[in-house]
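J.: output the structure for:
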Amino acid sequence: MATTTKEAKKNQQDLTVEQKLKALYQLQTMLSKIDEIKTLRGELPLEVQDLEDEIAGLNTRIERLKTEIAELKTSIAGKKVEIEAAKTSVAKYKEQQDNVRNNREYDFLSKEIEFQTLEIELCEKRIREFTDQQNDKQNEVEKCTEKLEERSKDLEAKKNELDEIVAETKQEEEKLRDKAKELETKIEPRLLQSFKRIRKNSRNGLGIVYVQRDACGGCFNKIPPQRQLDIRSRKKIIVCEYCGRIMIDPELAGVVAENKPEAAKDKPTRRRRITNE
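T.: Now for the predicted structure:
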């Protein structure tokens, strides 16, 4: 492995500037084709991710609502037990009232009966509140479940659509990525890193461009004649002073340079023949 790395570094150093530029442009071509494949997929990957996140959120919400419903059911059951206990106490106190010896005992039992009756009314009120809350949460669960089913169908359709596109382009993309990785090994890391940084900051993803009509092929600003000569000489890496992209001449990019239209030659004027009359 160490030997292979050393060989790769040696090969990178042995490359001329022209070869480096050519390798960079070839890499740019591969990466642009990969970008085209990604564009073909469009927003589908993001839509799939959004649907998956929404479905996960709905599942979490449904589980939380079900937990709250279960807690409300437990609370209702608890209040029903309290009501039964209070009713038992009321019956007991009423029975004791029949055997009281004085008014004081009778009044005490009357107050206990009143208190237990209020407790029953309060428990019944709480049961109604808990039941309303339970019904509201149950309705919300049904709505969320319905929405979950819709989103699950949408997700399945989007995934199928994405899988079809990926299946059509996967083999081509893998080949392009393999070729791109192979090219990257031929380019020295510092230059490759600079190229990737330029490409990342570029709107159209181009890190290297060729000169078009005496202008940068990226930002279309005019290039001075001397700088054009330097680019054509392929002796050093030259970047655009406006957009920062690496520039090469059209011939190195495999593009036939457009011939400048020649100035129209003046047509010979016919001399007027003067005749002596």
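J.: contacts for the helix or strand hosting Q26?
T.: Assigned by DSSP states H and E, Q26 falls within helix 17-41. By Cβ atoms under 8 Å, 6 or more residues apart in numbering, the residues outside helix 17-41 that reach it are 15, 162, 165-166, 169, 172-173, 176-177, 179-180, 183-184, 186-188, 191, 195, 199, 205-208, 210, 234-237, 246, 248, 252-253. Where C-beta positions appear, they are placed from N, C-alpha and C, glycine not excepted.
J.: inside strands: which ones of those?
T.: Counting by DSSP state E, the contacts of helix 17-41 place 208, 210, 246, 248 in strands.
J.: among those, give me the pair with the biggest separation.
T.: Greatest spatial distance among these (Cβ to Cβ): Y210 and I246, at 10.0 Å.
J.: who has more neighbours out of those two?
T.: Neighbours per residue, other Cβ atoms under 10 Å: of Y210 and I246, the larger number sits with I246, 24 against 20.
J.: which residues of the stretch 51-200 of the chain score low on pLDDT?
T.: Counting by pLDDT under 70, the stretch 51-200 of the chain shows no low-confidence range.
J.: and the helices in it?
T.: Using DSSP state H, counting those that start in this stretch, the helices found in the stretch 51-200 of the chain span residues 103-184, 189-201.
J.: in CSV: the ones you listed, plus mean neighbour count.
T.: Formatted as CSV, those follow (neighbours: other Cβ atoms under 10 Å):
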stretch, mean neighbour count
helix 103-184, 14
helix 189-201, 15
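J.: nearest to C219 among these would be which one?
T.: Shortest distance between C219 and those, using Cβ to Cβ, is found for helix 189-201: 12.0 Å.
J.: mind listing what's buried in stretch 27-35?
T.: The neighbour-count check on stretch 27-35 (16 or more other Cβ atoms under 10 Å) flags 27-31, 33-34 as buried.
J.: what do you get for stretch 38-55?
T.: 44, 47-48, 51, 55.
J.: I237: what's it in contact with?
T.: Residues near I237 by Cβ under 8 Å, 6+ apart: 17, 20-21, 191, 246.
J.: repeat for E129
T.: Not one residue lies near E129 by Cβ under 8 Å, 6+ apart.
J.: roughly how far does it sit from E82?
T.: Distance, E129 to E82, using Cβ to Cβ, to the nearest Å: 14 Å.
J.: swap in Y106?
T.: Counting by Cβ to Cβ, the gap from Y106 to E82 is 26 Å.
J.: go on, T88?
T.: From T88 to E82 the distance is 11 Å (Cβ to Cβ).
J.: those two: who's more crowded?
T.: Comparing T88 with E82 by other Cβ under 10 Å, the one with more neighbours is E82, at 16 against 11.
J.: any figure for the gap between the nearest residue to the more buried one once chain neighbours are set aside and A77?
T.: The shortest distance from E82 to any non-neighbouring residue, by Cβ to Cβ, 6 or more residues apart in numbering, is to C123 (5.0 Å). Per Cβ to Cβ, C123 is found 11 Å from A77.
J.: residue contacts, the residue nearest to E82?
T.: Counting by Cβ under 8 Å, 6+ apart, C123 makes contact with 79-80, 82-83, 86.
J.: what does L109 give?
T.: L109 neighbours (Cβ under 8 Å, 6+ apart): 93-94, 96-97, 100.
J.: hmm, try it at 7 Å
T.: By Cβ atoms under 7 Å, 6 or more residues apart in numbering, the residues touching L109 are 93, 96-97, 100.
J.: kindly report the same for K137.
T.: Contacts of K137 (Cβ under 7 Å, 6+ apart): 65, 68-69.
J.: now, of the residues you listed, which are buried?
T.: Using 16+ other Cβ under 10 Å as the burial test, those include 65, 69 as buried.
J.: among the contacts of K137, which one lies nearest to E149?
T.: Nearest member of those to E149, counting by Cβ to Cβ, is L65, at 15.9 Å.
J.: distance check, that closest one against L72.
T.: For L65 relative to L72 (Cβ to Cβ), the value is 10 Å.
J.: quick one: P250 is in a helix?
T.: No. Secondary structure assignment places P250 outside any helix; it is coil (DSSP: H, G, I helix; E, B strand; the rest coil).
J.: end to end, how far does stretch 200-208 reach?
T.: 12 Å (Cα to Cα, to the nearest Å).
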